[in-house]
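*Asks:* The following block contains a protein sequence and its predicted model.
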Amino acid sequence: MRNRAAKIIATLGPASATPQVIEALYTAGADVFRLNFSHGSHDDHRERIEIIRTLEKKAGRPIGILADLQGPKLRVGKFTEGRVRLNAGQSFRLDLSEELGDHQRAPLLHPEIFAAIGAGTELLLDDGRIRLRVEHHGLDFAETVVITGGELSNNKGLNIPNVVLPISPLTEKDRRDLDFALDMGVDWVALSFVQRPDDVAEARKLVGGRAMVLSKLEKPSAIDFLEEIVDLSDAVMVARGDLGVEVPPENVPILQKRIVRACRRAGKPVVVATQMLESMVHAAAPTRAEASDVATAIYDGADAVMLSAETAAGEYPIDAVTIMDRIIDRVEKDDLYHATMDAARGEPESTTRDAISAAARQVAHTLSAAAIVTFTSSGSTTLRAARERPDVRMLSLTSDLKVARQLSLVWGAHSSVTQEVNSFAQMVACAVLKAQTEGFAKPGERIVITAGVPFGTPGTTNILRVAWIEE
């Protein structure tokens, strides 16, 4: 039982690859485990998935697994001496030649880049530390001038702000990784390098309903299609790493709030990620600024916050999850948090399921109910209830273990697998029993139940029932 509503995603890696550490991370507060396919082999990921599923059986709780695909990596090539020094104001050429680079030129083996850029386009190298401006270009080269100089070494990454590149977010490696991840039964697939709605549609077609699709917003061009991307996605991640390279740093907090708000309106889970407790890679405690960063994401209404290097390669992975759990718990007990959630709550859509979900929140608040219990076959009933951000706990009941695992990412959803219900009486009896056995309600308390009829039909939330927990 978690005493908080927002969830924690922990990335697995060399520092968290053993059954003992993974179990300790779960006990400390990790709700979902992320497998970063930019690193590690399929054998590494297979072993970690098996550890998680074994832990799941031991804990008796559904645990979510997120497969994060690498996406296209745009990089300059190699240099004769391994590195060069670029000075502001000098000319520097990028081209398709595989010849090793020097202080005058470098290989950039991505023809799609030369087809998309124009005079005046800014190119960012090495996470934005080096800036170039395109003076003129052809289909196989770009002559640039160095705006911000520095040392450039082999295979450094390249970012192009405000340019939509004619490339798929799924490389051949990603397609192999996706097939493997789906065969292993992961619950969520994170899509990198999303630039436009078509990218999400392409991934959804490949996934084929076997997992939920989470779109990582790390390209400024994606923000131009924010509503459409949110609509096509099952969840969204504010990937502040690459996003912070391609937009001015002062814009990142504004974009974070805008993305979170858009997801809240749509009732889609939203994750805030990247460098949340970065100093804990090497330190046993976070900085005050990092603690404030995590708290801000929770005040904004994020469904989940994510740890990357902190748990994958850091020296204090368990401490990082522990302090994140404490920060979330403290924020959610603050009166200002509840006032903020109430103020940010949008009007329900003109649908039966939204009306029922909004009414359930209001009824639970008015009656001081112990919990809202949702019956769901696809997860939609629980998602609509979570959209309302109720001030009582939520117990989500489903007969589908896969759905229960997917809901581990959703704000407030404490998922439990139960038998299918086929009648009103069975529904109420099951909700009352589960609310007691899962520790959500005691005799003499009331619960609010939402479900859909016909039972087991996705997207048909149309029932609201109040039930007593009898002595």
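*Replies:* Everything's here; your move. Numbers count the residues shown, from 1 in each chain.

*Asks:* Can you get me a residue count around Gly118?
*Replies:* Neighbours of Gly118 under the rule other CB atoms under 10 Å: 10. (Glycine included, C-beta is placed from N, CA and C.)

*Asks:* tell me the SS of the residue nearest to it when sequence neighbours are not counted?
*Replies:* Spatial nearest neighbour of Gly118, chain neighbours left out: Val134 (6.9 Å); criterion: CB to CB, 6 or more residues apart in numbering. Secondary structure state of Val134, per DSSP: H, G, I helix; E, B strand; the rest coil, is strand.

*Asks:* Distance of Val134 relative to Val84?
*Replies:* 19 Å (CB to CB, to the nearest Å).

*Asks:* same deal with Glu290?
*Replies:* 35 Å.

*Asks:* After the host helix or strand of Glu310, which helix or strand is next? Please name it.
*Replies:* Secondary structure from DSSP states H and E places Glu310 in helix 309-312. Sequence-wise, the next helix or strand downstream of helix 309-312 (DSSP H and E) is helix 317-332.

*Asks:* Return that next one as CSV; C-alpha atoms alone will do.
*Replies:* Extracted as CSV, the C-alpha positions of helix 317-332 are listed here (Å, rounded to 0.1, in the frame of the first residue of the first chain):
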residue,chain,number,x,y,z
PRO,A,317,19.6,4.0,-6.0
ILE,A,318,17.5,3.0,-3.0
ASP,A,319,18.1,6.3,-1.2
ALA,A,320,16.9,8.1,-4.4
VAL,A,321,13.6,6.3,-4.5
THR,A,322,13.2,6.7,-0.7
ILE,A,323,13.6,10.5,-0.8
MET,A,324,11.4,10.9,-3.9
ASP,A,325,8.7,8.9,-2.1
ARG,A,326,9.0,11.2,0.9
ILE,A,327,8.9,14.4,-1.1
ILE,A,328,5.7,13.2,-2.9
ASP,A,329,4.1,12.1,0.3
ARG,A,330,4.8,15.4,2.0
VAL,A,331,3.5,17.5,-0.9
GLU,A,332,0.3,15.5,-1.2
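
*Asks:* Contacts for stretch 348-364 next, please.
*Replies:* For stretch 348-364, contacts defined as CB atoms under 8 Å, 6 or more residues apart in numbering pick out 369, 371-372, 380-381, 384-385, 387-392, 448, 450, 452, 459-464, 466.

*Asks:* make it 6 Å
*Replies:* Here stretch 348-364 makes contact (CB atoms under 6 Å, 6 or more residues apart in numbering) with 372, 384-385, 388, 390, 392, 448, 450, 461-462, 464.

*Asks:* Show me what counts as buried in it.
*Replies:* Buried residues in stretch 348-364, counted by 16 or more other CB atoms under 10 Å: 348-349, 353-358, 360-361, 363-364.

*Asks:* cool, and stretch 254-262?
*Replies:* 255-257, 259-262.

*Asks:* pLDDT below threshold where in the stretch 151-300 of the chain?
*Replies:* For the stretch 151-300 of the chain, applying pLDDT under 70 flags no range at all.

*Asks:* One more: the stretch 301-450 of the chain?
*Replies:* The stretch 301-450 of the chain contains no residues with pLDDT under 70.
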